[in-house]
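compute the structure for the input listed below.
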Amino acid sequence: MRAGRILHPELARSLATLGHTDVVLVTDAGFPIPDGAHRVDLALTRGQLDVQSVLRALLDSTFFEEAHFATELKTHHPRLYGEVQDIFTGTGATFHGTTHEALIAEWAPRAKVVVRSGSFEPWANFALVASTAPFEWFDDDDVTILPAYVERRRLISEDVRPDLA
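Sure thing, here's the model as predicted:
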């Protein structure tokens, strides 16, 4: 048994296939998941498993550089927005606002994996863009570190709490 890691075999297998810029879409229970999507369903009952638990587990096991979600989350559901900020603090991921419609029309078809939670909370849908490990790349002194990696390392090292611009 793997301690401290994702135990769900299908989710663990799906995350192992991710490469840089692949998208994982984490959804609430009601999100319209496209036919043919690689769906990992973690919904059991209302609120079980909630989207916050799914995000924590994913961030504990995988690097993500961006989180895209409906901008209304910040203004219309501030409690969940604050919890999501706490979950992403120190991960190096940046927040990007979009629309719920864009999550359905643009992000869902692009997602390599769609993880459905049991959350019944509005605006609880997140498109996560996978990253490489920011401290394991560019560790050769003869290689120039890309500015994006310098910034991600800073966000992680300084335990920065992300916010929508």
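
surely residue 114 touches residue 39?
Yes: with contact defined as CB atoms under 8 Å, residue 114 counts as touching residue 39 (4.9 Å). All C-beta spots, glycine's among them, are computed from the backbone N, C-alpha and C.

who has more neighbours, those two?
residue 114 (23 against 17; other CB atoms under 10 Å).

quickly list what's touching both of residue 114 and residue 39.
Counting by CB atoms under 8 Å, 6 or more residues apart in numbering, the shared contacts of residue 114 and residue 39 are residue 33.

and the residue of the chain most remote from its centre, how far is that from residue 152?
The C-alpha centroid of the chain is most remote from residue 142, which lies 32.2 Å away (CA atoms, centre = their mean). According to CB to CB, to the nearest Å, residue 142 and residue 152 sit 21 Å apart.

that older thread, and the residue farthest from the centre of the chain, how far from residue 14?
Counting by CB to CB, the gap from residue 142 to residue 14 is 36 Å.

any weak-confidence spans in the chain?
By pLDDT under 70, the low-scoring segments of the chain are 1-4.
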